[in-house]
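Enquirer: sequence first, then the predicted structure:
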Amino acid sequence: MLTEEDMEEFLSKKFQSEGGDFNSQNLISATFTGNETTNSYENVAWFNNQAYHSPATSLSYLDQAFIRFVANRSDFAMKLINSPLPRKTSARVQEELVGSLSGFSIAFNIVLGFSFLAASFCLFLVRERVDRSSLLQTLAGVDPFCFWFSTFVWDFVNFITPCLVLMIMFAAFTIEELNDNAGIVFLLFILYCWSSLPLMYSLSFLFVVPSTALVRLTIINMITGLASIIAVNILYLLGLNDIAETLNWIFLFLPQYCLGQGLADVYTNHKMVNVCTSTAAMEETCKTSDINFQTDYLAWESYGVGKSVTFLGVQGVIFFIIIFLIEFDYLPLAWRLLSSAIKWLFSKVVPRNGTGPLRRTSAEDDEDVVNEKKRLNETPLEELIKTDRLLIHNLRKVYETGSNSFVAVDNLCIGIPGGECFGLLGINGAGKTTTFKMLSGDYKSTSGTAYLEGFNINKDLRKVQQRLGYCPQFDGLIEQMTGAETIRMFARLRGVPEAEIPNCVESLGKNLHFAQHLYKNCGTYSGGNKRKLGTAIALVGNPPVVLLDEPSTGMDPGARRMLWDALADVRSQGCSIVITSHSMEECEALCTRLAIMVNGQLRCLGGPQHLKNRFGQGYTIEMKMPISATDFSAPTTFMKQNFPGCDVKDDHQGLITCQVKQYLPDGTALKLSKVFYLMEKSKSEVGVMEYTVSQTTLEQVFLSLVRWQKEAADNDDADKKND
Ligand SMILES: Nc1ncnc2c1ncn2[C@@H]1O[C@H](COP(=O)(O)OP(=O)(O)OP(=O)(O)O)[C@@H](O)[C@H]1O
């Protein structure tokens, strides 16, 4: 359409009148102004910038129209070719490098996801270690190599599965840079599993709460992986190649970094290889522009992944060595030696007042305890091994808490023959569990040792553990397994023949009275049933020595008696049992010998009757008075007059309890016949309705001995307050 109007006005009117979309209606136009006489023209080609080729098309049409007009040839036609100039090779390479940033973002996201995935493998390990379940497995004969190998194989299978899914996704989304090198990418994934799993295992030893371990290890993985990759790549982009190269070497010791950098390198190298090997000219340009690419993807130089692959492989070996150094106590030992050296140096620089570890007030040495100590220290070991199945020889444990040391077990000496049930009694904190932990190898003793069937716990711990059944104070069960599965697992570990296992499971369930719960998950068990299962685990495979730490806690009276029967059976078959309990009834029912621990030392040692005879304070007499009686002075006076030194313990609800001394002031023993004669007399003289005479109970012996620990503790507290 021709017009003489101003072009902008013309176009806006046309747009308004025709309506529709401006960009599709108005592509090109032209304005011609000029003077034929002076032969001067000013032509303008207009174009809509939305269309790629509109400038060239517009110019072409304008030129064609102008030539037709000037040459007066209406058939004149022009053909226009619009083609970009060829780009510089270096510009193309640069463009590919910028494009390879998507390789970086793929690597970044994979590392982010793997930070969570890798950390999740520590959850079960921390739980097993803290619940003492792994200790029980070790006691059942699991070799540490076997434990870590099977853990690794299982975790590896679980880890490699998401890696395979990722590779399927690369294929589905046609990420050809990774698909074309699937072998290398898969190798990176395999080696990442190989190195990151043992790293997580060794770090899991630092934690006691599984969820804390998961969160902290995820954060550690994210920081070591993402921050390191970002830092190195930004430094390269900023041209700070020297610093980036140094950091690259340092970060190669981190599995996360190796994986991320490796994947990004595979991606970039693929792009570079494609560009630089497309023509000879490109290859030349790449060489002259110092652009790195490797036709061998496993090359050591950039962008090969040789370094990442090698370092991932080496890391796996190093982290496994660390696990075994921890497992065999070399690393904790080195740490203890280092911290003692630092403490020693520090004490030289800043002298401290103090007399070494806080030793709890010492008990007066009892004759039986002294004799046992003497026997164990003076008899040759070869002789003792013949008579005593378990020998606890000057066992001592000092806990280091911050700057303080605390003696929990103080030179314990006990010999326990085969077929004995030995009770270790004491109030809370006396040191019983610590003793068990040292015997089971859970804790190292500070000094002294123990021998089980001649094997020294400090030198042949594995052999000791294989001969020991242990029911710890806290259950140590894997909550996802049923009771039957748990017993079956421990039976297999202890080498019970496969054919006998079903019978073993059923009989333990029946004897310990929890057969109806055998096929339920342990996590759903009540406290008492958990203790029954814990005891069953300790008894699986008939070990020669069984340690039971408060096995009957939480059991109902019926179940408790069933447990006693089961333990009595086991003892009669020749097994030595060492039991701790707060139930004196249980100790009287089960123990052939017992010791009471006070402040980490033995306060007394011997059979229940022997202890009652030695430490008993005579007889306990209970008198029942008529309900209407309100004045008890007459019976009280009667008792005090007839039984010198009589202690009236209680006088409520018409019930009077008196403690009568076994020996009279002149040293002669009080005869039972005299006791009954006087009590019969009390019926007629002071109106006693009924009476009972009983010997001092074990509980009374216990209370009289441990009262000493309480008093000592109270005195210690008072001293501290005074300080
Ligand atoms: N890991 C530890 N670090 C520091 N002190 C500890 C540690 N474990 C135990 N103790 C302390 O050692 C002492 C003995 O503890 P232990 O658990 O052996 O007592 P226990 O006789 O088994 O008590 P309970 O009857 O309550 O089980 C206690 O004073 C306790 O606080």
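Expert: Yes, it's here. Numbering: from 1, shown residues only.
Enquirer: give the contact list for Asn233.
Expert: Phe104, Ala244, Ala264 (Cβ atoms under 8 Å, 6 or more residues apart in numbering). C-beta: built from backbone N, CA, C; applies to glycine.
Enquirer: now swap in Asn241 and tell me
Expert: Listed by Cβ under 8 Å, 6+ apart, the contact partners of Asn241 are Leu235.
Enquirer: for Asn458, what are its contacts?
Expert: Lys444, Ser445, Thr449.
Enquirer: quick one: which of the residues you listed has the most company?
Expert: Neighbour counts for the contacts of Asn458, by other Cβ atoms under 10 Å, peak at Ser445, which reaches 24 neighbours.
Enquirer: close to the ligand: what parts of the stretch 401-550 of the chain are there?
Expert: Thr401, Phe406, Ala408, Gly426, Asn428, Gly429, Ala430, Gly431, Lys432, Thr433, Thr434, Gln473 (Cβ under 6 Å from any ligand atom).
Enquirer: what's the closest non-adjacent residue to the last one?
Expert: Among residues not flanking Gln473 along the chain, Asp549 sits closest, at 4.3 Å (Cβ to Cβ, 6 or more residues apart in numbering).
Enquirer: low pLDDT regions in this structure?
Expert: 1, 89, 96-101, 348-364, 402-403, 617, 649-652, 706-723 (pLDDT under 70).
Enquirer: get me the contact residues on it for the ligand.
Expert: 399, 401, 406, 408, 426, 428-434, 473.
Enquirer: out of the residues you listed, which end up buried?
Expert: Buried members of those, scored by 16 or more other Cβ atoms under 10 Å, are Ala408, Gly426, Ala430, Gly431, Lys432, Thr433, Thr434, Gln473.
Enquirer: dump the residue contacts of the last one.
Expert: Spelled out, it's Gln473. Thr433, Phe436, Asp549, Glu550.
Enquirer: of those residues, closest to the ligand?
Expert: Thr433 (3.1 Å; Cβ to the nearest ligand atom).
Enquirer: make sure that closest one is indeed in a helix.
Expert: Yes - under DSSP: H, G, I helix; E, B strand; the rest coil, Thr433 falls within a helix.
Enquirer: which residues does it contact?
Expert: Applying Cβ under 8 Å, 6+ apart, we find Thr433 in contact with Gln473, Asp549, Thr580.
Enquirer: likewise Met167?
Expert: Neighbours of Met167 in contact, by Cβ under 8 Å, 6+ apart: Leu178, Ala182, Val185, Phe186, Phe189.
Enquirer: residues near the second one, how many?
Expert: Put plainly, it is Ala182. Look at Ala182: counted by other Cβ under 10 Å, it has 13 neighbours.
Enquirer: for the stretch 401-550 of the chain, which segments count as strands?
Expert: 404-416, 421-425, 447-452, 455-456, 468-471, 545-549 (DSSP state E, counting those that start in this stretch).
Enquirer: the longest one packs against which elements?
Expert: It stands for strand 404-416. helix 367-378, strand 390-401, helix 432-440, strand 601-606 (3 or more Cβ pairs under 8 Å, 6 or more residues apart in numbering; DSSP states H and E).
Enquirer: tell me how many other residues crowd Ile106.
Expert: If you count neighbours by other Cβ under 10 Å, Ile106 ends up with 21.
Enquirer: in terms of helices and strands, where is it?
Expert: helix 101-120 (DSSP states H and E).
Enquirer: assumed Ile577 was part of a strand.
Expert: Yes - assigned with three-state DSSP, Ile577 falls within a strand.
Enquirer: shouldn't it be in contact with Gly423?
Expert: No - in this structure, Ile577 is not within contact of Gly423 by Cβ atoms under 8 Å, at 9.0 Å.
Enquirer: what residue is smack in the middle of the protein?
Expert: Centrality entry for the chain: nearest residue to the mean C-alpha point is Val126, 1.5 Å, by Cα atoms, centre = their mean.
Enquirer: which residues touch stretch 526-535?
Expert: Contacts of stretch 526-535 (Cβ under 8 Å, 6+ apart): 471-472, 475-477, 483, 486-487, 512-514, 517, 522, 525, 548, 551-556, 559, 563, 566-567.
Enquirer: mark out where each domain of the chain begins and ends.
Expert: Listed domain ranges for the chain are 7-71, 92-327, 367-479+523-612, 617-695 (source: automatic domain parsing).
Enquirer: rewinding a little: so which of the contacts of Asn233 wins on neighbours?
Expert: Ala264 (27 neighbours).
Enquirer: need the contact list for it.
Expert: Ala264 is in contact with Ser100, Gly103, Phe104, Ile106, Ala107, Ile229, Asn233, counting by Cβ under 8 Å, 6+ apart.
Enquirer: quick one: it from Val111, how far?
Expert: 10 Å (Cβ to Cβ, to the nearest Å).
Enquirer: what is in contact with those two at once?
Expert: Listed as contacting both Ala264 and Val111 by Cβ under 8 Å, 6+ apart are Ile229.
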